[in-house]
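Peer 1: Here is the input, now give the coordinates:
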Amino acid sequence: MNQYESQAMREILVKSGFKDCISRDIADIYIVNTCTVTERADRESRYWIGFFHKMNPNAKIVVTGCYMETNADDVSFLPGVFHVLKNSEKNQIAEILDPEAKDPEAAFRSLRISDFKSHTKAFIKIQDGCENTCSYCKVPLVRGYFKSRPISDILDEAKDLIARGFKELVLTGICLGAWGKDIFPGAISKGVGIAGLGLVDVLRAVTELPGDFRVRLSSIEPKYVTDELIGFLARDKKMCKHLHIPLQSGDDEILGKMNRSYTSEAYQTLVNKIRANMEDIALTTDVLIGFPGESDANFRNTIEFIKGMLPLRTHIFTFSRRKGTPAYGMAGGVKGTVLKKRFYDLNTAALGASYVYRRKFLNEKLNVLVETKRDKQSGLLMGYSDNYIKILFQGPDELMKNIVPVRVEYMTLMLTVGAYAPNPS
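Peer 2: The predicted model follows:
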């Protein structure tokens, strides 16, 4: 979401006469687009504000993003900060920096993009805000209730990005699966609004656009992974066979305290259903460790769940107390030394699970979207397959930004290495 909104602000400024600076140490203006999902994210935002001010004391620093929704007063007094913007004010960035560029319609215009600078994939924001109430999460406090973007706007943006040669469009949102619920009021049944439109309708409209491209979903909550969505992913050739479905914990006691809307058994049933329809689909997930009251036994249940689920990737978070959330005042915090060991143990299990999933593709050919930069250590080309396996391989620079066939030759716990295989055989 922040990458998308940063690009949108960049385009607004360029259209208003500003120019991208080729070197960050001589810029006149720095824009820090913040996140506040964890305390670490807050700390990193403050670090970059200080870093830019020390590097270039005469520059203006504009700070925006989710951290500003609750901490604008504190940040506005930091040295070098020229202005702070709420998320809803990002579309007014040009007139804030240059009053002569005042656009009376800016406050009412939605953010949109036509390019995605320095990216191989292009993100398209289809929705904002969250309807869930997870006890640890600050996002609903700073992003508000969900708001869906009209299909016509999504398609216009997709057409522009396809015309610019992007081979992968990633649909993103804070609560992606709830798309349409506010446009078509009423209870959602099986993930579809009463009026009959839901996320699958967006996917169908985008994949029906002409062009050589593929479509990927960003993170989607388990309750939105419906039979209709699973069926569409299985049938449509432009849809990437990959779903990122947050787990957070493999223990029912902790899931209950987190106010998650499923049990570990229900999540496993969903995994089984998905793989029954798409045997080779990649599943990736998020896990939150160190939630207040998480015992060794609770944590072991999560370890065993990951070993059985075999996700391609597991993004591991440590619990962060966020003011304003129900979990902020919960007792039973986990010590830092325990957290470090749990992180190591879970990461080890996750790497093993990833290896077991990936090795089924040894000697198989996968379609890989090649990144615009080579792997720093090996000098090899790198890219991601339809099912999100990162693959390194030999090849010329001309393959960059294209989807090419690569045969998997060998792998380690950390790496998958292949060979460019253009021939039909």
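Peer 1: element containing A8, please.
Peer 2: helix 2-15 (DSSP states H and E).
Peer 1: by contact count, what packs against that helix?
Peer 2: Helices and strands touching helix 2-15, as assessed by 3 or more CB pairs under 8 Å, 6 or more residues apart in numbering; DSSP states H and E, comprise strand 29-34, strand 60-65, helix 93-97, strand 122-125. Glycine gets a C-beta too; all of them are placed from N, C-alpha and C.
Peer 1: helix or strand right after the first one?
Peer 2: Counting by DSSP H and E, the element after strand 29-34 in chain order, helix or strand, is helix 39-55.
Peer 1: what is the orientation angle of that following helix with strand 60-65?
Peer 2: 170 degrees (axes from the mean of the first three to the mean of the last three CA atoms, to 10 degrees).
Peer 1: can you pull the buried residues of helix 39-55?
Peer 2: Residues of helix 39-55 classed as buried: A41, D42, S45, R46, I49, F52, H53 (neighbour count, 16 or more other CB atoms under 10 Å).
Peer 1: Any chance of JSON lines for the residues you listed, columns distance to F319 and pLDDT?
Peer 2: Output for those, formatted as JSON lines (distance: CB to CB, whole Å; pLDDT from 0 to 100):
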{"residue": "A41", "distance to F319": "14", "pLDDT": "94"}
{"residue": "D42", "distance to F319": "15", "pLDDT": "95"}
{"residue": "S45", "distance to F319": "19", "pLDDT": "96"}
{"residue": "R46", "distance to F319": "20", "pLDDT": "96"}
{"residue": "I49", "distance to F319": "25", "pLDDT": "96"}
{"residue": "F52", "distance to F319": "30", "pLDDT": "95"}
{"residue": "H53", "distance to F319": "31", "pLDDT": "96"}
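Peer 1: A350 is in contact with I316, isn't it?
Peer 2: Yes: between A350 and I316 a contact is recorded at 7.1 Å, counting by CB atoms under 8 Å.
Peer 1: Between these two, point out the one with more neighbours.
Peer 2: Neighbours around A350 and I316, counted as other CB atoms under 10 Å, are more numerous at A350. The numbers are 23 against 16.
Peer 1: Wasn't the more buried one part of a helix?
Peer 2: Yes: assessed with DSSP: H, G, I helix; E, B strand; the rest coil, A350 lies in a helix.
Peer 1: Run through the residues that contact it.
Peer 2: Neighbouring residues of A350 by CB atoms under 8 Å, 6 or more residues apart in numbering: I306, P311, R313, T314, I316.
Peer 1: Among these, which one lies nearest to S110?
Peer 2: R313 (31.6 Å; CB to CB).
Peer 1: Run a quick neighbour tally on the closest residue in space to that closest one that isn't next to it in sequence.
Peer 2: Residue nearest to R313 in three dimensions, not counting chain neighbours: T284, with 4.2 Å by CB to CB, 6 or more residues apart in numbering. Per other CB under 10 Å, the neighbour tally for T284 reads 18.
Peer 1: got it, and G144?
Peer 2: That count, for G144 with other CB under 10 Å as the rule, works out to 15.
Peer 1: Please convert the buried residues of helix 39-55 to JSON lines, extending it with distance to R300.
Peer 2: Shown next, in JSON lines, are the buried residues of helix 39-55 (distance: CB to CB, whole Å):
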{"residue": "A41", "distance to R300": "29"}
{"residue": "D42", "distance to R300": "31"}
{"residue": "S45", "distance to R300": "35"}
{"residue": "R46", "distance to R300": "36"}
{"residue": "I49", "distance to R300": "41"}
{"residue": "F52", "distance to R300": "44"}
{"residue": "H53", "distance to R300": "46"}
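Peer 1: Among those residues, which one lies nearest to A27?
Peer 2: For those, the nearest to A27 is F52 (8.2 Å; CB to CB).
Peer 1: How about that closest one: what's its closest non-neighbour residue?
Peer 2: That would be Y30: by CB to CB, 6+ apart, it lies 4.4 Å from F52.
Peer 1: Give me the below-cutoff pLDDT ranges for this protein.
Peer 2: Low-confidence segments of the chain (pLDDT under 70): 102-108, 184-196, 424-425.
Peer 1: follow-up on the earlier one: so what's the residue nearest to R313 up against?
Peer 2: H242, L243, H244, I245, P311, L312, R313, T314, H315, Y388.
Peer 1: Next, work out how far apart M9 and V75 are.
Peer 2: Distance of M9 to V75, given as CB to CB, to the nearest Å: 17 Å.
Peer 1: helix/strand/coil for the closest residue to F299 other than its chain neighbours?
Peer 2: In this structure, F299 finds its nearest non-sequential neighbour in R342, 5.6 Å apart by CB to CB, 6+ apart. For R342, the assignment made with three-state DSSP gives helix.
Peer 1: my read: R342 touches I289, true?
Peer 2: Yes: the criterion here is CB under 8 Å, and R342 meets it with I289 at 5.1 Å.
Peer 1: intersection of neighbour lists for these two?
Peer 2: F299, V334.
Peer 1: what number of residues lie near L346?
Peer 2: 18.
Peer 1: what about the strands in the stretch 201-350 of the chain?
Peer 2: Taking DSSP state E, counting those that start in this stretch as the test, the strands found in the stretch 201-350 of the chain are 214-217, 242-244, 282-289, 313-318.
Peer 1: Okay, now the sheet partners of the shortest one, with direction.
Peer 2: It refers to strand 242-244. Strands flanking strand 242-244 in the sheet, each with its direction: strand 282-289 (parallel) (DSSP bridges).
Peer 1: could I get stretch 243-262 in CSV with only the CA atoms?
Peer 2: The C-alpha trace of stretch 243-262 is given here as CSV (Å, rounded to 0.1, in the frame of the first residue of the first chain):
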residue,chain,number,x,y,z
LEU,A,243,-2.1,-16.9,-1.9
HIS,A,244,-0.7,-15.0,1.1
ILE,A,245,-3.1,-15.9,4.0
PRO,A,246,-2.1,-14.7,7.4
LEU,A,247,-2.1,-17.4,10.1
GLN,A,248,-0.7,-15.4,13.1
SER,A,249,-0.8,-18.4,15.4
GLY,A,250,-1.3,-22.2,15.2
ASP,A,251,-2.7,-22.3,18.7
ASP,A,252,-6.5,-21.9,19.3
GLU,A,253,-6.0,-20.2,22.7
ILE,A,254,-3.8,-17.5,21.3
LEU,A,255,-6.0,-17.1,18.2
GLY,A,256,-8.9,-16.4,20.6
LYS,A,257,-7.0,-13.8,22.5
MET,A,258,-6.0,-12.2,19.2
ASN,A,259,-9.6,-12.0,18.2
ARG,A,260,-9.0,-13.9,15.0
SER,A,261,-12.1,-15.2,13.3
TYR,A,262,-11.0,-18.9,12.9
